[in-house]
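Visitor: sharing a sequence plus its predicted fold:
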2 protein chains.
Amino acid sequence: MIAYGEFRSGYSGDREDTRLVFYGLRYILETYLLRQWTLEDVEKSEKFYRTHMAPGRTAFPFPKDLFVRFIEKHDGYFPIKLEALPEGTCVNAHVPVYQITSTGEFAPLCTYLETLLTMVWYPSTVATLSRRARDVLEAAFEQSVDGGAASPLLPSRLHDFGFRGCCTVEQSVLGGTAHLLSFDGTDTLSAAYYAQFELNDGEPIGLSIPATEHSVMTSWPSERDAILNMISHFGDGIFACVMDSYDYAKALSEVVPSIAEAKVGAGGYMVLRPDSGDPVETVLAGLEAAEKVFGVDVNKKGYKVPRGCGVIQGDGINLHKLSAILAAVLQKGFSAETVAFGMGGGLLQKVNRDTLSFATKLSHVVYADGTPADIMKNPVSDAAKISFPGALAVKRVHGIPTVFPAEGGHVSPEENMLRVVYDHGPVQNDWKSFAKLRQQVAEEWTALPKAANVVSKPLADKVETTRHKKHV
Amino acid sequence: MIAYGEFRSGYSGDREDTRLVFYGLRYILETYLLRQWTLEDVEKSEKFYRTHMAPGRTAFPFPKDLFVRFIEKHDGYFPIKLEALPEGTCVNAHVPVYQITSTGEFAPLCTYLETLLTMVWYPSTVATLSRRARDVLEAAFEQSVDGGAASPLLPSRLHDFGFRGCCTVEQSVLGGTAHLLSFDGTDTLSAAYYAQFELNDGEPIGLSIPATEHSVMTSWPSERDAILNMISHFGDGIFACVMDSYDYAKALSEVVPSIAEAKVGAGGYMVLRPDSGDPVETVLAGLEAAEKVFGVDVNKKGYKVPRGCGVIQGDGINLHKLSAILAAVLQKGFSAETVAFGMGGGLLQKVNRDTLSFATKLSHVVYADGTPADIMKNPVSDAAKISFPGALAVKRVHGIPTVFPAEGGHVSPEENMLRVVYDHGPVQNDWKSFAKLRQQVAEEWTALPKAANVVSKPLADKVETTRHKKHV
């Protein structure tokens, strides 16, 4: 039996930009697939299935014999072959990102790991969201920042605030590293640590700046004292202060002027953080206060840059708000470099399997009598849920990853972008360093057309043939 | 220093029903807080913080000395005291669910674990969502099912389909067990296993039925063959078949009649599963087909119950759709018992920290000179983000958990619902079995008023005093 996984739509159903970043299968593979089953595991499972019963039944079906046999035959490794696109590959929707093959007595186990493998939707979706946010920032930088999208400031403009909004630490590592493929700003330290030490040979991947949260501001006798303390410790570098503990407008009009001399004396860069109210208004108010208190320079593109002071908006940010705020900032004549963004739940939690419509579907069966059959799901009630029949391969056509039938000589083994990453046990995988993954995402994303027909002629023909089979 | 965690709103901002189920702190406590730090951990952290640097700085601030000291002094246990409501407690919004106290040299570490503890938002939010869904089902059962809300069918009416829509397996365990507090139907086997063997002494908590997915339907030569195979294996019990692999309408009008004789002969109960198209329409179409093919009985409340056949809707279900479908089903004269629901991403993933607006906030500081101060966040730009000042306690007033200042003799230690669950190391915790938690949630939820003023007079007075402090 053969099954494959695919993202069936662009981000949030976007038809104009169907690109996505495939990322995170390595973690699933190393965490779950490389774990060897033992007879003790099988006994535990059996005990569970015997009691997880359908009402009126004696036991939930569980193919114990197959588990025992693969433990003997494959040293406890789950008996499938898994092919996948390389980590960090950028493709348009509908390109299979992995393909599972099971054969012989173990054929029935083909989709047994579907649930675990399907979870690759999450890191891939965050990686795609983060990269789309980078597109928005790059456009604003091109318009208003000296150096444009190549400005060294850009990678820190979207900071990951999402750790506490995650459901689990494991999630924060997956989503947080996905974000780090396109940016370097992060307070999700679990992910920064993991990317650096587990995926990048100890070389740093993320960065952050000293910043106050409300508890810091409110535990000082006054906001002024809290800020002066920050200046005394970090005033010669970049530091951020949250400004809405009591009254954001008053903090801008009274507190900021009162610390201006100390701040300017220290020589560093202060970031003002509104954290409630309308994000567009509070960001503009922050920039206007910065201009008034510290003065502005005008850059070569004609946009204002307050001296040594900017704003970070970290409340209520999503792709839409990010665009709206940048548009308003530029419209008011400020450069995009003057505002950074923190994205929390919007980055790491407010996504789901439907965001890029991920699914794993069966595509091929060889029956007990030896008859092969290409199969597909093809619901008339939702054409977008159609799946491809038969074994699949992916190769670049004019640079665009395109889907072909695996048979018929359309794709040579060398051309096939679906590489074997597991085969009834570990295989040699030359995982790229995280720094190289980053580079790959940047290059492939920009090279890929926003939308493309990824179905090759031979596959389209096969779909037509298969969909007209009789099913009743 | 003292900080506390609270849910600041009802589900999705609901002002009429602000109840919530507090659940999941035990997992965080056992997984993270009971883990002893070692000097090796500190060295790894230091190595990381030295390189996770702010631009232009040499190192990210990290209080290494405090970590080394608590490893020596507290055997590696993090040096805080944690009080919390018991697992499964139902409260209205704004009742503190945990309170952290740190003292002496370790005071600065008070909110160091905020990120981890804050993650209790997730299991609590899913538990609350699931319980709210139960309210909707109970009302429909009262109206249309013999036995009403006490019907043994009710706990299986909302089935957890969410495993594959989770970001990680760990999340599926947390969210999946949260759902099991109010229902017993689940295909999130990770959670069913965990609840049974880790939280309930091996006694079963969840159940499921044999069911086909699309790959099963499409791998048979026809849908008819696939269903006949299900009948031959499971036809004397309950089993489900997904019906939209090709054409749902045709499957109802042609395939179901063609298997009717075999199905009736086997004697069991068949569940039809639409999986695409408009959920209200496809559920009604399924029930009408069931009525036509198998006939109906009319129950004592005057609602139709098709014989040995019903529908499960597992695509696109959320609280709103659940209500809409049940309303339509009853309106067409069918009993609520005839339709079950599967909730996947809607149950386990499409929630976030804002759904119940969870936050941890600092409330009290004793300064280096010994001066104590009650502090609060009180942004004029978002009144809902106000936090309580001072150490807090919770006691029932007319049965309603209500917040008091900890000092002043308002709440005796025995009355205080915030119990010490950790104190610079493990303390004796008498965790209830999962079965008992279930019972507790059912009882407390129905006993609690939907909305209540949870701020006691003494605390309200203290808020007034504290909010008028000068902060500039």
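Guide: Looks like it arrived, so ask away. Residues are numbered from 1 along each chain as shown, chains lettered A, B, ... in the order given.
Visitor: next, count neighbours for the closest residue in space to A:Ala391 that isn't next to it in sequence.
Guide: Leaving out its chain neighbours, the residue that sits closest to A:Ala391 by CB to CB, 6 or more residues apart in numbering or on different chains is A:Ala406, at 3.7 Å. All C-beta spots, glycine's among them, are computed from the backbone N, C-alpha and C. Burial of A:Ala406 is recorded as 21 neighbouring residues (other CB atoms under 10 Å in any protein chain shown).
Visitor: with the one 4 residues further on instead?
Guide: By the criterion of other CB under 10 Å, A:His410 has 18 neighbours.
Visitor: what does the stretch 351-472 of chain A put close to chain B?
Guide: Neighbours of chain B within the stretch 351-472 of chain A, by CB under 8 Å from any CB of the partner chain: A:352-354, A:361-362, A:365, A:373, A:375-382, A:385, A:470-472.
Visitor: give me the contact list for stretch A:62-75.
Guide: Residues from elsewhere that reach stretch A:62-75 (CB atoms under 8 Å, 6 or more residues apart in numbering or on different chains): A:36-39, A:42, A:45-46, A:49, A:76-79, A:105-106, A:108-109, A:424-425.
Visitor: list the buried residues in that stretch.
Guide: By neighbour count on 16 or more other CB atoms under 10 Å in any protein chain shown, the buried set for stretch A:62-75 is A:66-67, A:70-71, A:74.
Visitor: pLDDT weak spots in the stretch 351-472 of chain A?
Guide: Residues of the stretch 351-472 of chain A that meet the criterion pLDDT under 70 lie in A:469-472.
Visitor: who are the neighbours in contact with the residue nearest to A:Ala391?
Guide: Taking CB under 8 Å, 6+ apart as the criterion, A:Ala406 is in contact with A:390-393, A:416.
Visitor: if you set the cut-off to 10 Å instead, what comes out?
Guide: A:Ala406 sits next to A:2, A:83, A:99, A:101, A:363-364, A:390-394, A:416, A:418, A:459 when contact means CB atoms under 10 Å, 6 or more residues apart in numbering or on different chains.
Visitor: could you do A:Pro379 as well?
Guide: A:Pro379 touches A:385-387, B:214, B:242-248, B:251, B:274-277, counting by CB under 10 Å, 6+ apart.
Visitor: mark which of the residues of the stretch 351-472 of chain A next to chain B are buried, thanks.
Guide: Buried members of those, counted by 16+ other CB under 10 Å: A:352-354, A:361-362, A:365, A:373, A:375-379, A:381-382, A:385, A:471.
Visitor: the contacts of stretch A:62-75 in strands, which ones?
Guide: Using DSSP state E, no member of the contacts of stretch A:62-75 falls within strands.
Visitor: in PyMOL, how would I select the buried members of those?
Guide: The buried residues among those can be selected in PyMOL (16+ other CB under 10 Å) with this line:
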select buried, chain A and resi 37+42+45+49+76+77+78+79+106+109+424
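Visitor: in helices, which of the contacts of stretch A:62-75 fall?
Guide: In this view, these that belong to helices under DSSP state H are A:39, A:42, A:45-46, A:49.
Visitor: per-domain residue ranges of chain A.
Guide: Listed domain ranges for chain A are A:2-34+A:77-119+A:357-467, A:132-348 (source: automatic domain parsing).
Visitor: who wins for proximity to B:Asp430 among the ones you listed?
Guide: In terms of CB to CB, the element of these nearest to B:Asp430 is domain A:132-348, at 25.7 Å.
Visitor: picking up where we left off before, for B:Ala178, state which of the contacts of A:Ala406 is nearest.
Guide: Taking CB to CB as the measure, A:Gln99 is the one of the contacts of A:Ala406 closest to B:Ala178, at 34.1 Å.
Visitor: what packs against the helix or strand hosting that closest one?
Guide: Element membership of A:Gln99 [criterion: DSSP states H and E] is strand A:96-101. Counting contacts by 3 or more CB pairs under 10 Å, 6 or more residues apart in numbering or on different chains; DSSP states H and E, strand A:96-101 is packed against strand A:2-7, helix A:25-28, strand A:81-84, helix A:114-118, strand A:358-366, strand A:392-397, strand A:400-405, strand A:419-423.
Visitor: parallel or antiparallel, list what pairs with it.
Guide: Partners of strand A:96-101 in the sheet, by DSSP bridges, are strand A:2-7 (antiparallel), strand A:81-84 (antiparallel).
Visitor: mind checking how far the first one is from the chain centre?
Guide: It stands for strand A:2-7. Distance of strand A:2-7 from its chain centroid, counting by CA atoms, centre = their mean, to the nearest Å, is 19 Å.
Visitor: could you give me the buried positions within that strand?
Guide: For strand A:2-7, a neighbour-count test (16+ other CB under 10 Å) marks A:2-7 as buried.
Visitor: output the residues you listed as a markdown table; include the columns pLDDT.
Guide: As requested, the buried residues of strand A:2-7 are exported to a markdown table (pLDDT from 0 to 100):
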| residue | pLDDT |
| --- | --- |
| A:Ile2 | 96 |
| A:Ala3 | 96 |
| A:Tyr4 | 97 |
| A:Gly5 | 98 |
| A:Glu6 | 97 |
| A:Phe7 | 98 |
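Visitor: which one of the residues you listed is nearest chain B?
Guide: Closest approach to chain B among those (CB to the nearest CB): A:Ala3, at 6.6 Å.
Visitor: now do the contacts for that closest one.
Guide: A:80, A:96, A:98-102, A:110-111, A:113-114, A:117, A:360-365, A:387, B:215.
Visitor: A:Pro61 too?
Guide: Here A:Pro61 is in contact with A:49, A:54, B:210, B:233-234 (CB under 10 Å, 6+ apart).
Visitor: in chain A, which helix has the most residues?
Guide: Taking DSSP H as the criterion, chain A has its longest helix at helix A:121-144.
Visitor: next helix or strand past that helix?
Guide: Later in the chain than helix A:121-144, the nearest helix or strand by DSSP H and E is strand A:158-160.
Visitor: helices or strands next to the helix or strand just after that following strand in the packing?
Guide: Downstream of strand A:158-160, the first helix or strand assigned by DSSP H and E is helix A:169-180. When contacts are defined as 3+ CB pairs under 10 Å, 6+ apart, helix A:169-180 packs onto helix A:25-28, helix A:121-144, strand A:158-160, helix A:189-197, helix A:345-348, helix A:434-447, helix B:114-118, helix B:169-180.
Visitor: sweet, I'm off.
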